[in-house]
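1. Please work out how this folds:
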Amino acid sequence: MQNIFYSFLSVGMKLRVLIRFIVVVLLFSACNTTKFVPDGEYLLNKVSIKTDNKDIKRDDLKEYLRQTPNAAVFGVFRMQLGLYNWAPKDTTKWLSKGLSKTLKKIGDPPVIYNSALTSLTVQQLQRLFENKGYINAKVQSNVTTKDKKAAVEYVIISNVPYRLHDYKIDLKNDLLTEIASDTSKSLIRPNMLFDTDIFNAERERISTRFRHQGYYNFNKEFLNYTADSSLYSHQVNVTLELRDYIKRSYDSINKVIFKQFSIRKVIFYTNNDANITTDLANKVELDTIQFQDFLLVTPRNRILKLDALVQNTYINPKSLYSDDAVEKTYSALNSLGPIKYVNISFKETENNLLDCYIIINPSKTISLSTELEGTYTGGYWGVAGNVNYVDRNRFKGAESLSLLARGAFEWQDGVLAQEYGGQVGLKFPRFMLPFGSYDFKRNIHANTEFTGAFSYQFRPKEFTTTNVGAGINYSWNRKQYRHSFQLFDLSYVQFHVEPAFRDSFLNPKKPIFNPYNYQDHFIMRMGYAGSYTTFNANRPLQNYSIARYSIETSGNLLNALSHLTGGVPDSTGAYQLFKIRYSQYVKGEFVITHHQIYDQNNRFVYHLDVGIGVPYGNGDVIPFERRFYSGGANSVRGWSESTLGPGVYNRIKGLPRDFNQVGDIKLDMNMEYRTKLFWLMEGAFFLDAGNVWTIKDYSTQQGGTFKFDTFMNQIAIAYGLGIRFDFSFFIARVDLGVKLFNPVLSRREQWRVSPNLNDDFALHFAIGYPF
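-> Presented below is the predicted three-dimensional model:
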């Protein structure tokens, strides 16, 4: 224990040194900011926008700024610029030269005011307002210079906007007119702003719908708007029509752009040569396989089976050409493990037919990785590692076979605790029933995964447990939604409890831990999980949210079978499967995270996690492994993992791990400010609140029951700061949490205004952001 204490003391001292260094840099960054600004030039110190318009969001205007100041922490401390300015100007000496090079590499040079970029910003803001209907808007820039610093203010006076008065459609094609006249889908609304972005989006909508009907040669540039603003009342009459050159030669062009195409054949090429031609004549050393009107031209050492490609292709022979089918095919094929990328093209043949050519470039299919990590759980140090093998094309049909082997060891009072486990997964890129496959007519791109798992855990002087499970899971995506349905997941948990541990903690007369958690049991789960995001990759600095939701049930099918087969409950009233009790419960969880982005270096992140589980029927308590916990690197960070709650339950002193600190109701609320510091380093300041509660009043978890009149006073609160290192492919994180409100303590001591170094701090090491 003494070594552990000194280890943590060492880590804490290093963290304090790092924090002090950051504070010094923050303070210094506010001084001497113009050290490397040349004479006659100005440091761009401030950029602001002043506008009288409330319809166009200020965050949208920021996207048009062509020059912004150096990044600042809290909008005040330019830390990266401060580090750059620490570099010595005199680089004649070897030490000074090396130091200067290093500091300039991890810091950012000063942003020098550029009048040309300011003028360009004015032009683009002017164009933005004009495109939004503010034809008479005025945009100007005011530049103030002082002490080699420049402040730029953009002033926008929007004036009275133009609005749509009358909208007419004058097209020469009945189907095109029908699509354009569909008011339920049209983006054009009476009295709307004369917004050219909306009018262009309407052109895109019409042409896309038209191309979905087989009009391969049509595009939105054939559509044109004529606007008449001669009413002198800030109103515009708009007519949608074909381009003049199309109207002038309508008969001849009609044969081209209004020709409706169907698909004749779909030809796949699979080859490592990305320059392979799509000409069928060039099939040297290649085999051709055909199924109906699908053809696969492939090397003799076949990479993929034809049926796997057909299952993931939405472009069907004898059907009309459709842009939507092309986009879905790109998405489905690119999601297959053995495919690196695809290219789809079309070639016109006779009689309004198209041949589709899909060039497939394969990727590496087999990967082997290992991981090794140090652990510290419940006061014990240990080591863990795993080996992961993945074959993304096991049966030449894009099936993915994954094998994972894991081992962990922990030194507990001179005895080696051990854990071994393995997982196997076989994923098929299609929807499959347990005894066959089912064709969704390829309207949904689904995956089916069969899983199996095994784990063995030995905890000295406590217990040995073995867990064996298997399941079937379906997953599919639709645009910004992800879905997963677990048809079933059956696991068997077996325990062997040491007599001394049983006598001390599981005594039937006065148990300290819930005895059910240490009994053999079955868990047969079925559930659904989904997620949704508003993140737009084309606008990464726009605020967005991510929501995750799930529901699962356990034991319902087994309970129904018990009743149908005339099963007899045991002495406790519980039904059994093979003389082993099974769990029955329902559990749901909802998680939402919102990113409020100020710029590419600063953002606030808000997080809410709410969950509830209810045991019923055959179960008096939810199995330990399916209950909620609080505290840890992704929860209330003033507490270590599983050391908070339930409610005001008092932790058993002297134990490295209290297995009663789990619950059936969970509430996590987090707010975090994230900022770029310098080089790979990011900083964070956070405020966390939450707890877990039990749904029933269990004798082993006194004070943990959820009650509406008391739960608000049992919400724990913590604050702290974190340091993150962004290595592009992963984030390494260190968070220091401090207890602010501890509901377990007496009222006089609950608010930890002067935190105790031994009891009120928690240090977390983790990979990835907490949410």
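
2. quick one: the helices in the chain?
-> For the chain, the helices defined by DSSP state H cover 2-29, 58-62, 79-85, 94-106, 115-131, 174-180, 196-212, 244-248, 250-257, 306-311, 323-334, 499-505, 556-564.

3. Does Tyr357 have any beta-bridge partners, and if so which?
-> On the basis of DSSP bridges, Tyr357 is bridged to Ile267, Ser345.

4. Tyr528 too?
-> Residues in beta-bridge contact with Tyr528 (DSSP bridges): Phe485, Ile551.

5. Would you enumerate the residues in contact with it?
-> Tyr528 makes contact with His483, Ser484, Phe485, Gln486, Ser550, Ile551, Glu552 under the criterion CB atoms under 8 Å, 6 or more residues apart in numbering. Backbone N, C-alpha and C define where each C-beta goes, glycine included.

6. For the closest residue to His445 other than its chain neighbours, the count of nearby residues, please.
-> Leaving aside its sequence neighbours, His445 sits nearest to Ala332 (CB to CB, 6 or more residues apart in numbering; 4.5 Å). As a burial measure, Ala332 scores 21 neighbours (other CB atoms under 10 Å).

7. show me the contacts for Ala332.
-> Asn312, Thr313, Tyr314, His445.

8. what do you get for Phe36?
-> Neighbour list for Phe36: Tyr84, Asn85, Ala87, Pro109, Pro110 [criterion: CB under 8 Å, 6+ apart].

9. bridging residues for the residue most central in space within the chain?
-> The residue lying closest to the centre of the chain (CA atoms, centre = their mean) is Ile546, at 6.9 Å. Following DSSP bridges, Ile546 is listed with bridge partners Thr533, Thr593.

10. check contacts around it.
-> Counting by CB under 8 Å, 6+ apart, Ile546 makes contact with Ser531, Tyr532, Thr533, Thr534, Phe535, Ile592, Thr593.

11. circling back to that earlier point, with pLDDT, distance to Ser754 and neighbour count as new columns, can the contacts of Phe36 be given to me in TSV?
-> Converted to TSV, the contacts of Phe36 look like this (pLDDT from 0 to 100; distance: CB to CB, whole Å; neighbours: other CB atoms under 10 Å):
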residue	pLDDT	distance to Ser754	neighbour count
Tyr84	90	39	24
Asn85	89	37	24
Ala87	87	41	20
Pro109	94	43	14
Pro110	95	42	25
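
12. and which of those residues is nearest to Ala405?
-> Nearest to Ala405 among the contacts of Phe36: Tyr84, at 47.6 Å, using CB to CB.

13. nearest spatial neighbour of the closest one, skipping sequence neighbours?
-> Once flanking residues are discounted, Tyr84 sits nearest to Gly107: 3.1 Å by CB to CB, 6+ apart.

14. Pretty sure Phe678 is one of the things that neighbour touches, is it not?
-> Yes: between Gly107 and Phe678 a contact is recorded at 6.1 Å, counting by CB atoms under 8 Å.

15. Between these two, which contacts overlap?
-> Gln80, Leu83.

16. Surely Arg637 touches Ala718?
-> Yes: assessed by CB under 8 Å, Arg637 is found in contact with Ala718 at 5.6 Å.

17. Need the overlap of contacts for these two.
-> Asp688, Gly737, Ala762.

18. Show only the entries of those found in strands.
-> Among the shared contacts of Arg637 and Ala718, the members falling in strands (DSSP state E) are Asp688, Gly737, Ala762.

19. Now do the contacts for the closest residue to Glu204 other than its chain neighbours.
-> In this structure, Glu204 finds its nearest non-sequential neighbour in Lys220, 5.3 Å apart by CB to CB, 6+ apart. Each residue near Lys220 by CB under 8 Å, 6+ apart is listed here: Asn200, Arg203, Glu204, Ile206, Ser207.

20. let's see 10 Å
-> Going by CB atoms under 10 Å, 6 or more residues apart in numbering, Lys220 touches Asn200, Ala201, Glu202, Arg203, Glu204, Arg205, Ile206, Ser207, Thr208, Phe210, Arg211.

21. Give the buried subset of those as a ChimeraX selection command.
-> Only the buried members of the contacts of Lys220 enter the following ChimeraX selection, criterion being 16 or more other CB atoms under 10 Å:
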select :202,203,205,206,207,208,210,211
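
22. Including distance to Leu757 and pLDDT, could the contacts of Lys220 go into TSV?
-> Formatted as TSV, the contacts of Lys220 follow (distance: CB to CB, whole Å; pLDDT from 0 to 100):
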residue	distance to Leu757	pLDDT
Asn200	62	96
Ala201	59	96
Glu202	64	97
Arg203	66	96
Glu204	62	95
Arg205	63	96
Ile206	68	96
Ser207	67	95
Thr208	63	94
Phe210	70	95
Arg211	68	94
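
23. Can you tell me which of the contacts of Lys220 lies closest to Leu404?
-> Of all the contacts of Lys220, Leu404 sits closest to Thr208, with 43.4 Å by CB to CB.

24. so that closest one makes contact with Asp324?
-> Yes: using CB atoms under 10 Å, Thr208 makes contact with Asp324 at a distance of 7.9 Å.

25. which residue sits closest to Gln418, ignoring its sequence neighbours?
-> In this structure, Gln418 finds its nearest non-sequential neighbour in Phe458, 4.6 Å apart by CB to CB, 6+ apart.

26. residue contacts, that neighbour?
-> Phe458 is in contact with Glu410, Val415, Leu416, Ala417, Gln418, Glu419, Tyr420, Thr464, Thr465, Thr466, His496, counting by CB under 10 Å, 6+ apart.

27. and the second one, what pLDDT?
-> If you check Val415, the pLDDT there is 84.

28. Who are the contact partners of it?
-> Contacts for Val415 (CB under 10 Å, 6+ apart) come out as Phe458, Arg459, Pro460, Lys461.

29. How many neighbouring residues does Ile49 have?
-> Count around Ile49 with other CB under 10 Å applied: 17.

30. And the one 10 residues further on, by the same measure?
-> Neighbour count for Asp59, taken as other CB under 10 Å: 15.

31. Kindly report the same for Tyr389.
-> So Tyr389, with other CB under 10 Å, has 14 neighbours.

32. How about Asn543?
-> Neighbours of Asn543 (other CB under 10 Å): 16.

33. how close does it get to Tyr598?
-> Noted for Asn543: a distance of 10 Å to Tyr598, by CB to CB, to the nearest Å.

34. where do the contact lists of the two overlap?
-> Contact criterion CB under 10 Å, 6+ apart; residues shared by Asn543 and Tyr598: Asp59, Phe604.

35. what sits opposite the residue nearest to Leu677 when sequence neighbours are not counted in the beta ladder?
-> Among residues not flanking Leu677 along the chain, Gly683 sits closest, at 4.8 Å (CB to CB, 6+ apart). Here Gly683 sits in beta bridges with Thr675, Ile723, going by DSSP bridges.

36. Verify the contact between Gly683 and Gln80 for me.
-> No: the criterion here is CB under 10 Å, and Gly683 misses it with Gln80 at 11.8 Å.

37. Between these two, which is the more surrounded one?
-> Gln80 (24 against 20).

38. For that one, report the pLDDT, please.
-> Confidence score, pLDDT, at Gln80: 86.

39. got the contact list for it?
-> Applying CB under 10 Å, 6+ apart, the residues near Gln80 are 25, 29, 70-73, 106-109, 601, 676-679, 681.
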